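**Q** prediction below, plus the sequence it came from.
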Amino acid sequence: MIFKSNFTKRSAMAALALSVAAAGVPSVASAQQAGGKPPQGWFKICTKQEDNDVCIVQNLLTANNGQLVTAVGLITVSGKVNRKVLQVSVPSARLIPTGVQMQIDGGKPVKLDYAICMPDKCVAEAPLSDQLIASLKKGNEVVFTSVNFQRAPNPIKMALTGFTGIFDGEPIEQSQLEERQRLLQEEMQKKAEDARKKLEEAQKAAKKN
């Protein structure tokens with residue numbers, strides 16, 4: 001029963017964080033291509049979740065096709081629930097026992113255990129301590145390494161430029177969030193249309209041959 005209770009709490013926290021992150025912000029590349037003003041790496045969003053205030057300082061990296069590469073969230077929950085947690089989302093098909101290794105400026109790696117895996121992502125987490133926050137504020141770069149099912153390490157680098165100001169500053173406005181969502185949707189629609197046209201052209205060329 002204890003295991004079930006702990007798992008439920010961790011899953012609920014992951015779901016809570018992901019529900020906020022899903023309100024997400026498009027990747028820098030997508031927003032730039034769409035002509036908008038993208039966030040510079042780290043950004044902060046806050047929302048109300050039932051009886052709790054939830055703020056997440058996050059960084060989201062996506063591939064050109066929009067698929068998740070790595071998403072990092074420093075989550076602060078206050079109200080009925082009070083908790084601080086670091087969560088890192090990586091693609092699915094990961095080796096679970098290895099977790100995600102976090103390394104700041106080439107220092108000693110810290111293991112983040114997976115809390116939950118879904119069809120499209122696995123989420124690792126660890127307590128968000130004041131010491132960890134201070135290390136990130138002083139750092140220049142953080143590397144998150146997961147291991148895929150072929151046992152190949154997948155290190156992803158994130159610059160910590162501007163992290164301190166974002167963490168200590170005000171969150172972005174809801175209107176900004178909605179505008180960035182719109183830009184992302186437009187960019188993804190454009191990419192889908194371009195891919196469809198290329199496929200049609202390839203099919204026509206194949207018929208001629």
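**A** Received the coordinates, thanks.
**Q** mean confidence for the host helix or strand of E179?
**A** Following DSSP states H and E, one finds E179 within helix 174-208. Averaged across helix 174-208, pLDDT comes to 76.
**Q** who does it touch, helix- and strand-wise?
**A** Contacts defined by 3 or more C-beta pairs under 8 Å, 6 or more residues apart in numbering; DSSP states H and E place helix 174-208 against helix 28-33. C-beta: built from backbone N, CA, C; applies to glycine.
**Q** give me the sheet partners of whatever helix or strand comes next after the helix it packs on and which way each runs.
**A** Reading on from helix 28-33 to the C-terminus, the next helix or strand found by DSSP H and E is strand 43-49. The pairing partners recorded for strand 43-49 under DSSP bridges are strand 52-62 (antiparallel).
**Q** following element in sequence after the strand it pairs with, please.
**A** strand 68-79.
**Q** which strands or helices does that following strand pack on?
**A** By 3+ C-beta pairs under 8 Å, 6+ apart, strand 68-79 packs against helix 2-21, strand 52-62, strand 83-90, strand 141-147, strand 153-159.
**Q** lowest-pLDDT helix or strand in this structure?
**A** In the chain, the helix or strand scored least confidently by mean pLDDT, DSSP states H and E is helix 28-33, which has a mean of 33.
**Q** quick one: low-confidence parts of this structure?
**A** 1-40, 174, 177, 180-181, 184, 188, 209 (pLDDT under 70).
**Q** which residues touch the residue positioned nearest the centre of the chain?
**A** In the chain, the residue lying closest to the centroid (C-alpha atoms, centre = their mean) is A71, at 1.7 Å. Neighbour list for A71: A21, Q58, N59, L60, L61, V88, S89, K121 [criterion: C-beta atoms under 8 Å, 6 or more residues apart in numbering].
**Q** would CSV of those residues with neighbour count be doable?
**A** Formatted as CSV, the contacts of A71 follow (neighbours: other C-beta atoms under 10 Å):
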residue, neighbour count
A21, 20
Q58, 23
N59, 23
L60, 22
L61, 17
V88, 24
S89, 28
K121, 18
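**Q** great, nothing more from me.
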